[in-house]
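Participant: fold the following.
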Amino acid sequence: MKKRALLIVLAMLLVVSMSVWATGSKEVIDDGDGPSGKLVLYSPANDEEYYMIVDAFEAKYPKIQIETVQGGSGELKARLSSEKANPRADVMFGGLSYADSVTYEELWEKYVSPYNASMPEAFRNNTGYVTLKSINLQVLLVNKGLESKAGVSILGLEDLLNPALKGKIAMPDPGSSATAYRWLTCMLYVMGNGNPESKEAWDYVEALIKNLDGKLASSMAVAHKSVYQGEYVVGFTSESNGSAYLADGFGDVVRVVYAKEGTTAPSYGVAMIRNSKNTENAKIFIDYLISDEGQDIYARSSFRPANTKHINTSEYLPNVSSIKLVTENDDYISKNQEVILDRFNDLWSKYN
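Facilitator: Residues are numbered from 1 along each chain as shown. Now for the predicted structure:
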């Protein structure tokens, strides 16, 4: 993994936090030779997204000093909640969906980028809080060797109920990350034929929980890595993670499955932290992500840009016309997140 002097690993945060923050974080804006000062990111973004964006941003704004805390989106939002009285971060970069505008509204500062008007209407920041920067379809990652050994063929969600896969499915805790929660809502919409409250939808979730055999991954990263490393036959992940394995030359080990029953295409974004110290630099960073320059970077990666006029050129991302997409109601999954997670947890407790 590429090393970076300013990268603060979350697991070491308790040790180094006093020295990192003791000097304060007073903002310095444009001094006539470009903007300068500090920008503190809390980021669940994977390595590909983090470095492709931050490296390009630092090249464009070399006088802005970036510090980063990395971790799962759930743990980072919990940390932000604990720091509300004295925020240490300026921007949550990645791991945020439309639902977070509602569920965690108290954490964010309102900011609508001037580039927002150029985005497709469906991906505009209409709440004032979360700016959407990329689209990431829900996929399954399959370990080809273990799939063959188990004597199964995994083509969709129904296949995950095969008894041969009991305890061999890597599913992340839907309460631990935005992507994991959106996988849960994906299952509800797809298996419920568009109705996430239907008996069919929750019957499927209950049957899946039984086949998980008491195992939940702590994060999305743990889930897909455990499949690649041969610990699980199949796991839930996002398209960018799955295609990255293919782009890195691991197509002989894993394959990416777009569920035959259908999948969803959540969009993910960033938000400025309420009462943060470096607001001007935070705005510059958010603007950069959805500018043509930023969206072009996404279009050359394993991510689909939220501004759909920028077409992704990756050979590892199939044309969306070949994928069965199911539409979710963002308002519903936002306002009912606690209810949905509680119902999942009740079913989990029933069998574990």
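
Participant: and the helices in the stretch 1-150 of the chain?
Facilitator: With DSSP state H, counting those that start in this stretch, the ranges of helices along the stretch 1-150 of the chain come out as 13-21, 47-60, 73-82, 98-103, 144-150.

Participant: now swap in the stretch 151-300 of the chain and tell me
Facilitator: 178-191, 199-212, 220-228, 239-247, 279-290, 292-299.

Participant: ok, G235 touching Q138?
Facilitator: No - using Cβ atoms under 8 Å, G235 and Q138 do not qualify as a contacting pair, with a distance of 11.8 Å. Every C-beta, even on glycine, is put in place using the N, C-alpha and C of the backbone.

Participant: ok so, going back, so which of the helices of the stretch 151-300 of the chain is the most surrounded?
Facilitator: The highest average neighbour count among the helices of the stretch 151-300 of the chain, using mean count of other Cβ atoms under 10 Å, belongs to helix 178-191 at a mean of 25.

Participant: can you check what angle separates that helix from helix 199-212?
Facilitator: Comparing the axes of helix 178-191 and helix 199-212 via axes from the mean of the first three to the mean of the last three Cα atoms, to 10 degrees yields an angle of 130 degrees.

Participant: hey, what's the angle from helix 178-191 to helix 220-228? Just curious.
Facilitator: Relative orientation of helix 178-191 with respect to helix 220-228: 70 degrees, computed using the same axes, to 10 degrees.

Participant: quick check, distance from helix 178-191 to the centre of its chain.
Facilitator: Mean-position distance between helix 178-191 and its chain equals 13 Å (Cα atoms, centre = their mean, to the nearest Å).

Participant: return the alpha-carbon coordinates of that helix using CSV.
Facilitator: These are the backbone C-alpha positions of helix 178-191, laid out as CSV (Å, rounded to 0.1, in the frame of the first residue of the first chain):
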residue,chain,number,x,y,z
ALA,A,178,-23.5,2.8,4.2
THR,A,179,-22.8,0.3,1.5
ALA,A,180,-23.8,-2.6,3.7
TYR,A,181,-27.0,-0.9,4.6
ARG,A,182,-27.7,-0.3,0.9
TRP,A,183,-27.1,-4.0,0.2
LEU,A,184,-29.8,-4.8,2.7
THR,A,185,-32.3,-2.4,1.1
CYS,A,186,-31.2,-3.8,-2.3
MET,A,187,-32.2,-7.3,-1.3
LEU,A,188,-35.5,-6.0,0.1
TYR,A,189,-36.4,-4.2,-3.1
VAL,A,190,-35.2,-6.9,-5.5
MET,A,191,-36.6,-9.9,-3.6
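
Participant: by contact count, what packs against that helix?
Facilitator: Using 3 or more Cβ pairs under 8 Å, 6 or more residues apart in numbering; DSSP states H and E as the contact criterion, the neighbours of helix 178-191 among helices and strands are helix 73-82, strand 91-96, helix 98-103, strand 138-143, helix 199-212, helix 220-228, strand 234-238, helix 337-351.

Participant: can you list the helices of the stretch 151-300 of the chain in JSON lines and add mean pLDDT and distance to E83?
Facilitator: Written out in JSON lines, the entries for those read as follows (pLDDT from 0 to 100; distance: least, Cβ to Cβ, whole Å):
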{"stretch": "helix 178-191", "mean pLDDT": "94", "distance to E83": "19"}
{"stretch": "helix 199-212", "mean pLDDT": "98", "distance to E83": "33"}
{"stretch": "helix 220-228", "mean pLDDT": "94", "distance to E83": "23"}
{"stretch": "helix 239-247", "mean pLDDT": "94", "distance to E83": "28"}
{"stretch": "helix 279-290", "mean pLDDT": "98", "distance to E83": "15"}
{"stretch": "helix 292-299", "mean pLDDT": "97", "distance to E83": "27"}
